[in-house]
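Chemist: okay, structure incoming, though there's no sequence with it:
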């Protein structure tokens, strides 16, 4: 299979390399010449535009920062839809709002191209190791067509429903995650301040009704979980600015359907304050620093 | 061992019965004559006051609705401290603020009585079945003395640290729980509104970073978890008014140490609105009803 891969950033570049390793032919495009040169060195063909990359492809994948880039990559006069042959499946793995992907799928459908969304979780580590989870929004027949390709870049390929539901699954999961991390941060900070040992408190929470990934795997209190970002200065995890992006997508999508998100909105503001303080690149569990007395923490 | 048990409500009465079943002698006191008559029929001795109940006891347990009742039960002229023999351990299983139990422990210590807090989780079902979890705040030697008695009423007896830390553990766990349940409610309501199937969304969350007890065991969306209160009209679980009480304790304790609780405070207001709407007796997962379009839900 010959695949066009558009968007060679921190996620896209290692994903594209895993497709090469899986034996696919690959034509790539990105606005960044250095990213293109690196993939060319690994054996990919470099195109001058998304249109050119798509023209020879049996399969198109895009991995871009935000909805505006995705729209441009598909709809511009040098975009995918101007070059791709009818019938070729299009898969967008960017994390964007469900409304944009659904609108693009309508446009693609008019030209005879089925389109799926397949946002990922697992971060840059998962992209490099090929252990990503793909949350796929696609009709059943399209899902079966694209699953083998995605399986070359990830460990789990999950069907979420029709096109757009991959994005819905991702932003809803991350809405819970963003909220629960702040809940755990407030509780850990309060508990320690009230005299309980952080490890004892975490042990009780993790075997009780407060248990959650944010407490038992990525606990924000330093030293509780040795492998968590909290135990290495909040480096190397899921950046607060990325969480902020996903909470923004949730807020936008909710506004579109008049859905209130009380805690989601406040969580967004708490991470916004973290970002304003210059900590947006830290793992989002660093939000607990906003609750710890720095003199006590030091 | 002869035990004085004070407070025979929905939790206290079945806990006291389990002590009788465990072979302990029991003297009980409550302000409600019907509760006393019921325990007398089961073999307990009825006292006319907390003081009288404590006078003959080798061990005192209290299980009362709030801090004011606990203070009165120990400090009034007819209270426990006026009657109990020096050296007899005192265990309060009520859920109250850590500051009150610590102040009471100081008073009890002046009379030579060691005091522990041991709030429970597991609800009335756990109280009846003898499967409660006790979160015990007590110095190590006191913990070892009281553990066998508590084991007659519960499955897990967990040491949290010195006196007061049992309360800290409970309110911190329930702070996380109260917040995460709203987070799950917002995400489930949003996801379904945006077109994903509730069971598919829950399946993805429960194998991803959003996983938590509120999603995988007590999911608020009707029909997702067959055994959850959501699948039986939000009856028979942990009442929203009880969650509201615990969030109030967290807020009070936090204020005492100048600890901000942004999401905790907003969660409290969301459950307060649920209670104002007349749903305070429903399981707290019924908070999702504040997010569902009732016409769509019907």
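Modeler: All right, it came through fine. Here the structure is a predicted model, which is why all the values come from computation and not from measurement.

Chemist: going forward, measure contacts between C-alpha atoms and count neighbours the same way
Modeler: Noted.

Chemist: residues near the residue of chain A found nearest chain B, how many?
Modeler: Residue nearest to chain B within chain A (C-alpha to the nearest C-alpha): residue A:212, separated by 4.0 Å. Look at residue A:212: counted by other C-alpha atoms under 10 Å in any protein chain shown, it has 30 neighbours.

Chemist: now swap in residue A:276 and tell me
Modeler: Residue A:276 has 11 neighbours, counted by other C-alpha under 10 Å.

Chemist: hang on, the earlier thing: skipping adjacent residues, who's closest to the residue of chain A closest to chain B in space?
Modeler: residue B:212 (4.0 Å; C-alpha to C-alpha, 6 or more residues apart in numbering or on different chains).

Chemist: list the contacts for the one you found?
Modeler: Counting by C-alpha atoms under 8 Å, 6 or more residues apart in numbering or on different chains, residue B:212 touches A:210, A:211, A:212, A:213, B:180, B:206.

Chemist: SS state for the first one?
Modeler: The three-state assignment at residue A:210 reads coil, by DSSP: H, G, I helix; E, B strand; the rest coil.

Chemist: contacts only, for it.
Modeler: B:173, B:174, B:175, B:176, B:177, B:180, B:212, B:213.

Chemist: mind redoing it with 7 Å?
Modeler: B:173, B:174, B:176, B:177, B:213 (C-alpha atoms under 7 Å, 6 or more residues apart in numbering or on different chains).

Chemist: and if you look at the last one?
Modeler: Taking C-alpha under 7 Å, 6+ apart as the criterion, residue B:206 is in contact with B:215, B:216.

Chemist: which parts of chain A sit against chain B?
Modeler: When proximity is defined as C-alpha under 7 Å from any C-alpha of the partner chain, chain A approaches chain B at A:160-161, A:165, A:168-169, A:172-177, A:179-180, A:183-184, A:186-187, A:190-191, A:194-196, A:200-201, A:205, A:209-213, A:254, A:259-261, A:263, A:266, A:291.

Chemist: and those, which of them are in helices?
Modeler: A:165, A:168-169, A:172-177, A:179-180, A:183-184, A:186-187, A:190-191, A:200-201, A:205, A:213, A:254, A:263, A:266 (DSSP state H).

Chemist: what about stretch A:92-99, start to end distance?
Modeler: 13 Å (C-alpha to C-alpha, to the nearest Å).

Chemist: gap between it and the chain center?
Modeler: Relative to its chain's centre, stretch A:92-99 lies at 9 Å (C-alpha atoms, centre = their mean, to the nearest Å).

Chemist: and the contacts of it?
Modeler: A:61-67, A:116-120, A:164, A:167-168, A:249, A:253.

Chemist: list buried residues within those.
Modeler: Applying 16 or more other C-alpha atoms under 10 Å in any protein chain shown to the contacts of stretch A:92-99, the neighbour count classes A:61-65, A:67, A:116-120, A:164, A:167-168, A:249, A:253 as buried.

Chemist: which of those residues sits closest to residue B:2?
Modeler: Set against residue B:2, the nearest of the buried ones among the contacts of stretch A:92-99 by C-alpha to C-alpha is residue A:168 (59.3 Å).

Chemist: strand partners of the longest strand along chain A, parallel vs antiparallel please.
Modeler: Longest strand of chain A, by residue count under DSSP state E: strand A:154-161. According to DSSP bridges, strand A:154-161 forms sheet pairs with strand A:132-137 (parallel).
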